[in-house]
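Chemist: kindly generate the corresponding structure for this input.
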Amino acid sequence: MKTTLYVLLMLALPFTGAAQSPANYVRSQTFVYEGTRDTPLTTNFVVEKDEYVYIEVSGDVYLGPFTQSADATGKVAMAAILYNKYSAYNHGALVCQIGNWATPCQELFRFVDVTDNLAAKVTMHTLIDPKRMVRDRGINYIPGTYFLSPTAGPLVFDLNDTDPGNNKGSFRIQVYAIKKNVHYNRNFFNVCPATRPSDYWWIVDALVDSENDDWKREGTGAYYHRWSTFRGKGKFAGCQCAYFQDNSLDTSSPKAGSFDFAYALTQDIVEGNHLHVVLDMLPHELYKKHFPGEQYRRLPDANILRSPGDQPGPGQR
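Modeler: I've put the predicted structure just below:
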């Protein structure tokens, strides 16, 4: 069974023998868009159909005396309406295109929400790095967009301005992407003890570590997963394990734990929490909405630790 499942996972992931790290499956790249640019910026960042894409933009561009400066969401400006390339979008908005499809940057985590789950919304707003927020008109948001790509092709960025010659400034564009099969196979990297790693009572468990500082109870795990949900630390960073009432590991139900890319990629808690929203929570909500019949692949048997001294399984770095 272990051998069969491992082979299936290798076939499912875009995997090579030398690339067994979570960092190899989360694509990230930064681009700079100059406000004076008069042609679209065609990047070398090529996405697949149904690939999850998150775009976060910082910086401002001065758009002229009537509109003044704006972030990547642009501005509603009647005086500049004749200078819009895209009539449906704000003047000066940064637009992302893939083939004939296009979407503008919007006020993320304010008006654009992928889920109706109030608890998930509150969690996202709590974890997002406040230093990345724009505070305009007393409103906190991040200029950007996220989506499942409706088609394949390179990302193209364009400014909604037909007369950029009098502009000043630039946008810094940060792109993250996770392929659909990588998202659903993320448990290839998950490693969990076969039985609940601590015998402490819940409140004590939340305050102390167990198993040589490797595992700690997750406070929100009871809502999203099971009452006994633990998050890995150190060499198990990113791992998440949920346990039934009899202390046995849940490996495949909708309440089972799932591997989080964010906490495996950084040890900085602020950046990790921010990326947890970007790389784990948002793709989870988007794929659940668009592919309601699909679930995460189960935790590989080879990644189940039968004793604290066991070594991580084939997916672990």
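Chemist: from Val270, how far off is the residue positioned nearest the centre of the chain?
Modeler: Centroid-nearest residue in the chain: Leu279, 1.8 Å away (criterion: C-alpha atoms, centre = their mean). From Leu279 across to Val270, the span is 15 Å (C-beta to C-beta, to the nearest Å). Yep, even glycine has a C-beta here, placed from its N, CA and C like the rest.
Chemist: swap in Gln20?
Modeler: Distance, Gln20 to Val270, by C-beta to C-beta: 28 Å.
Chemist: Val278 too?
Modeler: Distance from Val278 to Val270, by C-beta to C-beta: 13 Å.
Chemist: neighbour count for the two, which is higher?
Modeler: Set Val278 next to Val270 and count neighbours by other C-beta atoms under 10 Å: Val278 wins out with 26 against 14.
Chemist: surely the residue nearest to the centre of the chain and Phe259 touch.
Modeler: No: contact criterion C-beta atoms under 8 Å: Leu279 and Phe259 do not qualify, at 10.6 Å.
Chemist: which residues sit against the stretch of helix or strand Phe171 belongs to?
Modeler: Using DSSP states H and E, Phe171 sits in strand 168-178. The contact list for strand 168-178, computed with C-beta atoms under 8 Å, 6 or more residues apart in numbering, reads 25-36, 45, 47, 51-62, 69, 72, 94, 155, 157, 261, 278-279, 283.
Chemist: tell me the buried residues in stretch 86-104?
Modeler: Applying a neighbour-count criterion of 16 or more other C-beta atoms under 10 Å, one finds 86, 89-98, 103-104 buried in stretch 86-104.
Chemist: ignore what I typed, I meant stretch 264-273.
Modeler: Here stretch 264-273 shows Ala264, Leu265, Thr266, Gly272, Asn273 as buried, counting by 16+ other C-beta under 10 Å.
Chemist: I'd like to know how far Val114 sits from Tyr141.
Modeler: Using C-beta to C-beta, we find Val114 at a distance of 15 Å from Tyr141.
Chemist: same check on Arg306?
Modeler: 47 Å.
Chemist: which of these two has more neighbours?
Modeler: Tyr141 (20 against 9).
Chemist: considering the buried residues of stretch 264-273, which is situated nearest to Leu299?
Modeler: Ala264 (15.3 Å; C-beta to C-beta).
Chemist: my guess is the closest one is in a helix, correct?
Modeler: Yes: applying DSSP: H, G, I helix; E, B strand; the rest coil, one finds Ala264 inside a helix.
Chemist: look at it and report its pLDDT.
Modeler: The score at Ala264 is 95. That number is its pLDDT.
Chemist: pretty sure it sits against Tyr25.
Modeler: No: counting by C-beta under 8 Å, Ala264 does not reach Tyr25; the two are 10.3 Å apart.
Chemist: what do these two both touch?
Modeler: Contacts common to Ala264 and Tyr25, judged by C-beta under 8 Å, 6+ apart, are absent.
Chemist: who are the contact partners of Val134?
Modeler: Asp71, Asn140, Tyr141, Ile142, Pro143.
Chemist: narrow those to those in helices?
Modeler: Residues of the contacts of Val134 located in helices (DSSP state H): none.
Chemist: among those, which pair sits farthest apart?
Modeler: Asp71 and Asn140 (12.4 Å).
Chemist: need the helices for the stretch 51-200 of the chain, in chain order.
Modeler: Using DSSP state H, counting those that start in this stretch, the helices of the stretch 51-200 of the chain run over residues 118-127, 180-184.
Chemist: deepest of these, which one?
Modeler: helix 180-184 (a mean of 20; mean count of other C-beta atoms under 10 Å).
Chemist: so what touches that one?
Modeler: Residues from elsewhere that reach helix 180-184 (C-beta under 8 Å, 6+ apart): 12-14, 25, 48, 50-52, 148, 283, 287, 294-297.
Chemist: please repeat the previous calculation with a cut-off of 6 Å.
Modeler: Identification of contacts with helix 180-184 by C-beta atoms under 6 Å, 6 or more residues apart in numbering yields Ala12, Tyr25, Asp50, Pro283, Tyr287, Tyr296, Arg297.
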